[in-house]
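Peer 1: heads up, no residue letters with this:
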């Protein structure tokens with residue numbers, strides 16, 4: 001059909017570009033401007049130091065993004081699984097890890113550049129069309145970053161989510177509250 005022809009055409013065009021050696025993958029990826037948050041971000045009671053963090057929280061289109069590093073995922077009660085065939089899967093689980101601060105050698109720039117993540121992405125088993133997302137998952141310093149939108153933070157993961165000028169962004173994942181009660 002029409003979709004198949006378009007896919008074949010874009011594959012041929014991409015192959016030709018790659019064969020010419022004029023496009024490396026970073027150039028081919030769509031880049032976007034990101035900034036460090038200009039407000040406090042507290043995740044599960046921990047204020048995040050974005051100034052010197054190797055994988056700082058970043059802001060794109062007024063939405064805060066969190067890095068999907070091994071420790072950051074565990075800290076928020078999430079798990080990521082990546083495979084060549086299925087791409088990236090982000091799953092809410094009930095295990096919680098301790099907070100881990102990734103300290104960088106030098107302070108972060110207030111403005112930087114990230115890429116829109118490509119490849120297959122699924123959240124709680126639902127596949128996303130990342131290119132169509134208003135707040136797509138981003139790639140920054142080779143780590144996938146996840147948008148803390150209401151849809152994901154509250155609807156998909158069941159977190160408490162508050163924003164105020166005094167406290168900034170405050171997120172509490174439900175599994176940690178449960179752990180404290182026990």
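Peer 2: Here it is on my side, so go on. In this text, all values refer to a predicted model and were calculated from it rather than measured experimentally.

Peer 1: so where's this protein shaky on pLDDT?
Peer 2: In the predicted model of the chain, residues 2-28, 175-182 satisfy pLDDT under 70.

Peer 1: run the last query once more with 50
Peer 2: Residues of the chain meeting the criterion pLDDT under 50: 15-17, 19-27, 177-182.

Peer 1: what are the ranges of the strands in it?
Peer 2: Using DSSP state E, the strands of the chain run over residues 31-35, 41-43, 46-47, 58-60, 63-67, 78-83, 87-92, 111-116, 121-123, 126-128, 138-140, 143-147, 160-164, 168-172.

Peer 1: how distant is the shortest one from the center of its chain?
Peer 2: Okay, so that is strand 46-47. How far strand 46-47 lies from its chain's middle: 18 Å, per CA atoms, centre = their mean, to the nearest Å.

Peer 1: Neighbouring strands - and their directions - for it?
Peer 2: When pairing is defined by DSSP bridges, strand 46-47 lines up against strand 41-43 (antiparallel).

Peer 1: what's the distance between the strand it pairs with and the middle of its chain?
Peer 2: For strand 41-43 - counting by CA atoms, centre = their mean - the centre lies 15 Å from the chain centre.

Peer 1: Name the surrounding residues that touch it.
Peer 2: Under the contact criterion CB atoms under 8 Å, 6 or more residues apart in numbering, strand 41-43 has outside partners 47-48, 50, 57, 64, 66, 75-76, 99, 167-171, 173. C-beta coordinates here come from the backbone N, C-alpha and C atoms, glycine included.

Peer 1: Equivalent analysis for stretch 129-147, please.
Peer 2: With contacts defined as CB under 8 Å, 6+ apart, stretch 129-147 is touched by 29, 32, 34, 54-55, 58, 60-61, 63-69, 80, 88, 90, 112, 114-118, 121, 128, 149, 152.

Peer 1: Which of those are buried? Put it as a ChimeraX command.
Peer 2: The ChimeraX command for the buried members of those (criterion: 16 or more other CB atoms under 10 Å) is given here:
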select :34,55,58,60,64,65,66,67,68,69,80,88,90,114,115,116,117,118,121,128,149,152
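
Peer 1: ok, back up a step: show the buried residues in the contacts of strand 41-43.
Peer 2: 48, 50, 57, 64, 66, 75-76, 168-171, 173.

Peer 1: export the residues you listed to TSV and tack on distance to residue 159?
Peer 2: Output for those, formatted as TSV (distance: CB to CB, whole Å):
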residue	distance to residue 159
48	15
50	19
57	15
64	13
66	11
75	12
76	8
168	15
169	11
170	10
171	5
173	5
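
Peer 1: out of the residues you listed, what pair is the most spread apart?
Peer 2: 50 and 173 (19.1 Å; CB to CB).
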